[in-house]
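Asker: turn this into a structure:
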Amino acid sequence: VYLIILAISLSPCMAFITASLFGIVPAISSITFYIPARSDLLMALFLFLSLWLFIRYRQKGKSMLYAVSIVSFALSLICKEMAMMLPLLLALEIFRNPKEGKASYRLLLPYIAVLVSYTLLRITILNFAKGANPIIDLSFPATLPLWVRLLTDFKVIFLYMRILILPLGLHIEWFVEPVRSIFQSGILLYIAGFIIMILVIKKISDKNKLILFGSLWFLLSLLPVLNIYPISVLFGEGWLYIPSIGFFIVLSAIFQDIIKPKLGKIFSGILIALFLVYYAFFTITYGRAWKDSVNVFTNVLKYEKTSPFIYLTYNNLGMAYSDKGDFERSIEYCKKSISLSPNYFEAYNNLGVSYVAAGKTVKAIESFKRAIRLKKDYMPSYSNLGHLYALIGFKNRAIEVLNAAIKINPDHYRAYCNLGYVYTDKGDIAKAEEFFKKASSLREESYEPHYCLGTIYIKNKNYKKALDEYHKALKLGLHDPEIYNKL
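Answerer: Now for the predicted structure:
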C-alpha cells in the first residue's frame with residue numbers, strides 16, 4: 001500500500017499516513033483475525049502487486065512489469081472474485097495521469113480479456129458453489145428486486161463510512177434492513193447526504209485531485225459488493241479491505257494539504273498520532289471478540305438480536321460450545337435456534353450430536369429423526385443416526401438407516417465408512433472390507449478407510465496388505481502412535 005500511494009502521490013508522508021491507517025483500522029481487522037479469510041488477503045496481495053506494477057510500467061515502460069501485472073491480476077481473481085474491480089482502478093489511474101491520452105486505455109484490454117475468461121470459467125467449469133450452500137444459493141439479497149437493493153446501497157455506503165470513522169458495534173454477521181420505499185425513514189437523508197458528499201468532493205477536488213482519486217477508488221472498488229448482482233449478504237466488514245484505501249487516501253490528502261498548512265507540522269502530527277492510537281484501541285478491543293468461536297458468535301448476539309437470521313447465530317454458538325465440550329450450553333443454544341426457526345434441520349442435527357455427547361441417547365435419536373423428516377436428503381443426520389444405533393448395539397437398525405442414506409446419495413462417504421464399522425463389529429469382515437474400499441474410492445485423500453482396512457487385514461493375517469494400507473494412511477496424514485505400534 002505504501003509503494004502504491006508513493007507512486008501515485010510522490011509524497012512519502014502521505015504514503016506513510018495512508019499505509020499506517022490501513023494497517024491498523026479496526027473495521028477491516030476481521031480479515032486478519034478470521035483464518036478462512038486468508039483468500040481475501042492473498043487476493044489483496046496480488047491485486048496490490050498488479051496495480052503497483054501497472055503504475056511502474058507506465059512510469060518506466062518495461063514490458064516485463066506489464067506482463068507480471070497481468071499475471072498477478074489473474075492470480076488475484078483465482079483467490080477471490082472481488083478482484084474483478086481492478087480494471088476499474090487501473091482505468092482510474094489512467095484517468096488521474098493520462099500520459100498518452102485516450103490511447104492509454106488500450107492497456108486495459110489484456111486485463112479485460114483475463115476477466116472475461118475467468119467469468120466464463122467461473123460460471124461453467126469452476127462453478128463450485130452451486131448447490132453447496134442452500135443459504136447462499138437462495139441468498140436474502142437475491143430475493144430482493146434490483147431497485148430495493150439500489151436504494152439500500154445508499155444506506156450501506158454510509159454504514160461502511162461510519163464503521164471506518166466510528167468503529168463501534170463491529171461483528172461478523174451484519175443484517176441490514178432493506179429499504180423498500182424511497183419514503184422509508186431516513187432514506188431521503190441518505191440520498192441527500194450522498195449528493196452533498198459528491199458536491200463537496202467535486203469542490204475540494206478542484207484544488208486536490210487526490211481527493212477525487214481516493215473517493216472514486218472507494219466507490220468503484222465497492223461496486224462488486226453493492227448487490228447490483230445479488231451476492232450472499234447486503235453488508236460485510238471484510239468487503240471494505242480494498243475500498244478502505246480510497247477512504248484513507250482522502251483522509252491523508254486532507255491531513256497533508258488542508259490540516260497541516262493550518263495547524264503546522266507538530267500539531268498535525270499529534271493529530272495523526274492520536275487518530276492512530278484511537279484506531280489501535282478499537283482494533284485491540286475487537287480482537288478480544290475473536291479469541292474463539294464462542295466469543296465471535298456471542299459478540300454477534302450483542303448487536304443482531306432482531307435479525308431474521310439470528311437463528312443461524314444461535315446454532316453456530318451451539319456448535320462452538322459443543323467443540324469446547326460444554327454440551328449443556330450447546331443444547332441450550334441449539335434449542336434456541338430451533339425455537340426461532342422450527343424447520344431448521346441443521347440445528348436438530350447439531351442438537352442430536354450434543355445429546356449423544358451428553359449421554360441423552362433417546363433425545364439424540366429423536367433429534368436426528370426430526371432433522372431427516374424436515375429434509376429427506378440431509379446426509380449428516382443419517383450418518384449420525386446410523387452411528388448412534390451401532391453404538392447402542394442396534395446394528396441391524398444402523399445398517400437399515402445407512403443403506404437408506406446410500407440409496408438417496410450413492411456417493412456419501414460417511415455412510416460407507418459407518419457401514420464398514422458396523423460390519424466389523426458384527427464380524428462380517430468381507431462386508432466391512434467392501435464398504436471401506438468404497439469409502440476410500442470416494443474420498444481418496446482420506447486416511448480413515450485405509451487405516452480401517454489395515455486393521456481388518458491384520459485380523460485376517462494378511463500382513464502384506466495391512467502394511468500397504470497403513471503406509472497409505474501415513475502418507476495421507478495420519479499421525480497416531482497406535483499405527484506405529486501396529487506397524
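Asker: hmm, L419 is touching L402, no?
Answerer: Yes. Using CB atoms under 8 Å, L419 is in contact with L402, at 4.9 Å. In this view, the C-beta of every residue, glycine as well, is placed from N, C-alpha and C.
Asker: mutual contacts of the two, please.
Answerer: Common neighbours of L419 and L402 (criterion: CB atoms under 8 Å, 6 or more residues apart in numbering): G386.
Asker: ok, how many other residues are close to Y416?
Answerer: For Y416, the number of neighbouring residues by other CB atoms under 10 Å comes to 25.
Asker: now do the same contact list for the closest residue to it other than its chain neighbours.
Answerer: Among residues not flanking Y416 along the chain, A439 sits closest, at 4.0 Å (CB to CB, 6 or more residues apart in numbering). A439 sits next to 413, 416-417, 420, 446, 448-449 when contact means CB under 8 Å, 6+ apart.
Asker: can you lay out the residues you listed as JSON lines showing pLDDT and secondary structure?
Answerer: What follows is the contacts of A439, written out as JSON lines (pLDDT from 0 to 100; DSSP: H, G, I helix; E, B strand; the rest coil):
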{"residue": "Y413", "pLDDT": "94", "secondary structure": "helix"}
{"residue": "Y416", "pLDDT": "94", "secondary structure": "helix"}
{"residue": "C417", "pLDDT": "94", "secondary structure": "helix"}
{"residue": "G420", "pLDDT": "94", "secondary structure": "helix"}
{"residue": "S446", "pLDDT": "93", "secondary structure": "coil"}
{"residue": "E448", "pLDDT": "93", "secondary structure": "helix"}
{"residue": "P449", "pLDDT": "93", "secondary structure": "helix"}
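Asker: so how far is T455 from the residue nearest to Y416?
Answerer: 14 Å (CB to CB, to the nearest Å).
Asker: got phi/psi on E173?
Answerer: Per-residue torsions, E173: phi -120, psi 90 (degrees, to the nearest 10).
Asker: isn't it up against K305?
Answerer: No. Applying CB under 8 Å as the test, E173 and K305 come out as separate, 11.8 Å apart.
Asker: what touches both of A439 and T455?
Answerer: By CB under 8 Å, 6+ apart, no residue touches both A439 and T455.
Asker: continuing past the least confident helix or strand in the chain by mean pLDDT, what's the next helix or strand?
Answerer: Across the helices and strands of the chain, mean pLDDT, DSSP states H and E gives its lowest value to helix 134-137, namely a mean of 40. With elements assigned by DSSP states H and E, the helix or strand that comes after helix 134-137 is helix 146-165.
Asker: got the contact list for stretch 417-431?
Answerer: By CB under 8 Å, 6+ apart, stretch 417-431 touches 383, 386-387, 390, 395, 398-399, 402-403, 406, 432-433, 435-436, 439, 448-449, 452, 455-456, 459-460.
Asker: of those residues, grab the buried ones for ChimeraX.
Answerer: Only the buried entries of those go into this ChimeraX selection, using 16 or more other CB atoms under 10 Å:
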select :383,386,387,390,395,398,399,402,406,432,433,435,436,439,448,449,452,455,456
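Asker: what comes up buried for the host helix or strand of C334?
Answerer: Using DSSP H and E, C334 falls within helix 327-340. Neighbour-count burial for helix 327-340 flags 327, 329-338, 340 (criterion: 16+ other CB under 10 Å).
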